[in-house]
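Chemist: give me coordinates for this.
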Amino acid sequence: MVKEEPSVEQNLRNIAKIVEEEQDQLKIIEERTGEFKLDLNKEDEDSFIDEIEDSMSLDELMSLYEKKFKD
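Modeler: As a prediction, the model looks like this:
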């Protein structure tokens, strides 16, 4: 049985869905913190990204984010 490759249209729809889901996550961050403060281009010795673990829940990630960027 030959598996049919997804069409370009299907791939674009999948990408659009992923982008929408990520925008929803960003809205949650913005609502909880007031604004999105993470600068991915800035290089720190103690980077926020380095503190993230794969096993963290969304609540744990949000707590870490709020602790790191609390004014």
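Chemist: buried ones in the longest helix along the chain, by neighbour count?
Modeler: When secondary structure is assigned using DSSP state H, the longest helix within the chain turns out to be helix 8-33. Buried residues in helix 8-33, counted by 16 or more other C-beta atoms under 10 Å: Ile29, Thr33. All C-beta atoms are positioned from the backbone trio N, CA, C, and that covers glycine.
Chemist: for the remainder of this discussion, apply numbering that starts at 34.
Modeler: Okay, using 34 as the starting number, the last item reads as helix 41-66.
Chemist: counting by contacts, list what that helix packs against.
Modeler: Contacts defined by 3 or more C-beta pairs under 8 Å, 6 or more residues apart in numbering; DSSP states H and E place helix 41-66 against helix 91-102.
Chemist: helices or strands next to the helix it packs on in the packing?
Modeler: Using 3+ C-beta pairs under 8 Å, 6+ apart as the contact definition, the elements that helix 91-102 packs against are helix 41-66, helix 81-84.
Chemist: what is the rounded mean pLDDT of that helix?
Modeler: Helix 91-102 shows a mean pLDDT of 82.
Chemist: would you mark the buried spots in it?
Modeler: Of the residues in helix 91-102, those with enough neighbours to count as buried (16+ other C-beta under 10 Å) are Tyr98.
Chemist: for that helix, C-alpha coordinates in PDB please.
Modeler: These are the backbone C-alpha positions of helix 91-102, laid out as PDB (Å, rounded to 0.1, in the frame of the first residue of the first chain):
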ATOM      1  CA  LEU A  91       1.700  25.000  30.700                       C
ATOM      2  CA  ASP A  92       1.100  26.200  34.300                       C
ATOM      3  CA  GLU A  93       4.700  25.500  35.100                       C
ATOM      4  CA  LEU A  94       5.900  27.300  32.000                       C
ATOM      5  CA  MET A  95       3.700  30.300  32.900                       C
ATOM      6  CA  SER A  96       5.000  30.400  36.400                       C
ATOM      7  CA  LEU A  97       8.600  30.300  35.200                       C
ATOM      8  CA  TYR A  98       7.800  33.100  32.700                       C
ATOM      9  CA  GLU A  99       6.100  35.300  35.300                       C
ATOM     10  CA  LYS A 100       9.000  34.800  37.700                       C
ATOM     11  CA  LYS A 101      11.600  35.600  35.100                       C
ATOM     12  CA  PHE A 102       9.900  38.700  33.800                       C
END
